[in-house]
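Student: Compute the structure for the input listed below.
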Amino acid sequence: NELIGIVNIAKKNENKSQKVSKEDIETLTLITNLSGTAIQNSILYKKTLYKEKLEQELKVANQIQKRLLPLSTPQLEAIDFGAGSFPARDIGGDYYDFFTLKSGKLGIIIADIVGKGIPAGLFMAMLKSTLHTNILPYDSPKEALGVINNILFNDQVINKFVPVVYAILDKSTLELKYCNAGHEPGLVIRNNKISILDSVGFPLGGLENAEYEEKSLILKDGDTVLLYTDGVIEARGNRDSSFGLPRLKTFLRENSSLDAQELVDNLKQRIDIFSKNKSQHDDLTIIIIKSREKHKKELFLETKKSKELQISTHKKNIPKIRKELQDFCLNIGFSDSFIFDIKLAVNEAHANIIEHAYFGSDQGMILFNLADYENRIEIKIKDFAKNSSQTTKGEKKHLKELEGSGLGVYLINTLMDDVTIEKNKNFTELIIVKYKKGYKRRGA
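Tutor: Next up, the predicted model:
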């Protein structure tokens, strides 16, 4: 029984000796019971509304946080990537990302943000913004972390330490430079032997002008690098035991032949089995960087099927190309939705080349090259219009850099997985790529 209010009554009758009758008491009891029920219902209704509002806000915050993480992993012929982040609550504190530096090298970062819930999610957004604004010019993890550390240290709003591992991959030499700022050290598996990426450093934002130890390794065929947050080895099972580093190493030895994303998914499944789906106190995030074996690299470089088409810029040829493209894709066995995306992207590019490169003339020439690879379909669209005076010889740009170019940037970039443009004084070539199912991981 909970006291939620008091009913105070007074008789206006001047006869002060008159007692409250039994009927009065019964009436008052009925009134207070009804009033109490009404008040409790009102309180419950307000609590329910508040809970629903909070759940909706958490749902929105969760969706926003997911968008802060990569929707896909990088696609390289020589390297297979896998990644996944699994929060302990609706909104977690782990962060990872892949981004292309100004030099063309690939930045890879994993961070364990202190705390959970909405504050951790907001901090993640601030960290992502800080990184993308300041880290891209640096090819050295040591220099990059030094800059970010001082920014976080001097920020009056950010008052947290941030454990981080930051690595930079040279796509041509496969050199992986890395620094550790107070984070769980990564592991490298080579010839079924496991060693630790033993760089050391203070967490970001904790010490002004902190220096970081930079190390590197050259990835060889079959090498696997694992970056992970402490939620992996600290996952709790029966009798409050932890998953631990020995179990993690055993798993890696037993499953080293798996593809990168399979390793991520199977490791998460192994942890779930160990913990018997027990509620965990910490988020866990996993990144796998796996150097493909030589025969797999060659497989992804070898064309299985190709077709070349040379047509004029007359608009009547647009539906002809759509038909050729559909037949090419159907013979490979792609799904209808897969083919629709490719046709729409190529159609947009084709129409824009006619309009913006040849200014509507039907006397120009366009060369289409359709190629089927083990892991992707690649379409090259080459025009020979003489309007590339602003580009330097051999210039290559990602489509994201060409906003306002008239190429339907948003549509093409949304439908396809990779889009680049190569220009020189003789031609402009648009290269669009769509990866096959199982070769590119999409976000939820």
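Student: going forward, measure contacts and count neighbours with C-alpha atoms only.
Tutor: Noted.
Student: The stretch 101-250 of the chain: helices as residue ranges?
Tutor: 117-134, 141-153, 244-254 (DSSP state H, counting those that start in this stretch).
Student: Out of those, which is the most enclosed?
Tutor: Scoring the helices of the stretch 101-250 of the chain by mean neighbour count under mean count of other CA atoms under 10 Å gives helix 141-153 as the most buried, with a mean of 20.
Student: between that helix and helix 117-134, how many degrees?
Tutor: With axes from the mean of the first three to the mean of the last three CA atoms, to 10 degrees defining the directions, helix 141-153 sits at 130 degrees from helix 117-134.
Student: Show me the shaky parts of the stretch 201-350 of the chain.
Tutor: 277, 279-280, 295-299 (pLDDT under 70).
Student: Break down it into its strands, ranges please.
Tutor: Using DSSP state E, counting those that start in this stretch, the strands assigned to the stretch 201-350 of the chain run over residues 214-218, 224-228, 284-291, 305-312.
Student: Neighbouring strands of the second one in the sheet, and parallel or not?
Tutor: Think strand 224-228. When pairing is defined by DSSP bridges, strand 224-228 lines up against strand 187-190 (antiparallel), strand 284-291 (antiparallel).
Student: chain center to that strand: distance?
Tutor: Taking CA atoms, centre = their mean, to the nearest Å, one finds strand 224-228 lying 17 Å from the centre of the chain it belongs to.
Student: which parts of that strand are buried?
Tutor: 224-228 (16 or more other CA atoms under 10 Å).
Student: do the last one as well
Tutor: Taking 16+ other CA under 10 Å as the basis for neighbour counts, the residues of strand 305-312 that come out buried are S312.
Student: which strands and helices sit next to the helix or strand hosting N33?
Tutor: Element membership for N33 (DSSP states H and E) is helix 22-68. Helices and strands touching helix 22-68, as assessed by 3 or more CA pairs under 8 Å, 6 or more residues apart in numbering; DSSP states H and E, comprise helix 117-134.
Student: Any chance of the backbone angles for the closest residue to F243 other than its chain neighbours?
Tutor: Once flanking residues are discounted, F243 sits nearest to I233: 5.0 Å by CA to CA, 6 or more residues apart in numbering. The phi/psi pair for I233 (degrees, to the nearest 10) reads phi -80, psi -20.
Student: Renumber starting at 277 from here on
Tutor: Sure thing, new numbering starts at 277, so read that last one as I509.
Student: Now for I509, how many residues are close by?
Tutor: Number of residues near I509 (other CA atoms under 10 Å) recorded here: 18.
Student: Hmm, it is touching K525, no?
Tutor: No - using CA atoms under 8 Å, I509 makes no contact with K525, being 10.3 Å away.
Student: picking that back up, dump the strands of the stretch 477-626 of the chain into TSV; add distance to Q432 as well.
Tutor: Below are the strands of the stretch 477-626 of the chain laid out as TSV (distance: least, CA to CA, whole Å):
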stretch	distance to Q432
strand 490-494	28
strand 500-504	29
strand 560-567	28
strand 581-588	57
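Student: Looking at those, spot the one closest to F362.
Tutor: strand 560-567 (5.4 Å; CA to CA).
Student: center of this structure - which residue?
Tutor: With distances taken as CA atoms, centre = their mean, the residue of the chain nearest its centroid is P346 (1.5 Å).
Student: any idea how far Y442 is from that one?
Tutor: 16 Å (CA to CA, to the nearest Å).
Student: I653 too?
Tutor: 32 Å.
Student: In terms of packing, which of these two has more residues around it?
Tutor: Legend: neighbour count by other CA under 10 Å for I653 and Y442, higher for Y442 (24 against 21).
Student: out of everything not next to it in sequence, what's closest to the more buried one?
Tutor: Per CA to CA, 6+ apart, closest to Y442 is I385, 4.5 Å.
Student: same check, this time on V440
Tutor: A387 (4.4 Å).
Student: Repeat that for L539.
Tutor: Closest to L539 by CA to CA, 6+ apart is N531, at 7.1 Å.
Student: thinking again about what came up before, for F357, which of the strands of the stretch 477-626 of the chain is the nearest?
Tutor: Across these, F357 has its closest neighbour in strand 560-567 (5.0 Å, CA to CA).
Student: Would you mark the buried spots in that closest one?
Tutor: 560-567.
Student: V695 and I708 touch, don't they?
Tutor: Yes - between V695 and I708 a contact is recorded at 4.5 Å, counting by CA under 8 Å.
Student: thinking again about what came up before, with distance to N410 as extra columns, can I get the strands paired with strand 500-504 in a markdown table?
Tutor: Formatted as a markdown table, the strands paired with strand 500-504 follow (distance: least, CA to CA, whole Å):
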| stretch | distance to N410 |
| --- | --- |
| strand 463-466 | 27 |
| strand 560-567 | 23 |
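Student: between those, which gets nearest to L480?
Tutor: strand 560-567 (18.6 Å).
Student: from the chain's centre, how far out does the closest one sit?
Tutor: 13 Å.
Student: The residue nearest to Y442: what's it in contact with?
Tutor: 372-374, 440-443 (CA atoms under 8 Å, 6 or more residues apart in numbering).
Student: So what sits opposite it in the bridge?
Tutor: Beta-bridge partners recorded for I385 (DSSP bridges): D373, Y442.
Student: any idea how far it is from K525?
Tutor: For I385 relative to K525 (CA to CA), the value is 22 Å.
Student: Where does the prediction get shaky in the stretch 277-426 of the chain?
Tutor: Low-confidence segments of the stretch 277-426 of the chain, defined by pLDDT under 70: 277, 286-294, 330-343, 365-368, 391-397.
Student: Contacts for stretch 402-419, please.
Tutor: 344, 376-379, 381, 420, 423-424, 442-444, 453-455, 487-490.
Student: What's the PyMOL syntax to select whichever of those residues are buried?
Tutor: Buried subset of the contacts of stretch 402-419, written as a PyMOL selection, criterion 16+ other CA under 10 Å:
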select buried, resi 344+377+381+420+423+424+442+443+444+453+454+455+487+488+490
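Student: Give me the contact list for stretch 615-627.
Tutor: 591, 594, 598, 601-602, 605-606, 657, 683-684, 687-688, 691-692, 710.
Student: Closest one of those residues to S448?
Tutor: K710 (22.0 Å).
Student: The helix or strand in which the closest one is found pairs with which strands, and in what direction?
Tutor: Taking DSSP H and E as the definition, one finds K710 inside strand 704-711. Strand 704-711 has the following strand partners under DSSP bridges: strand 652-659 (antiparallel), strand 694-699 (antiparallel).
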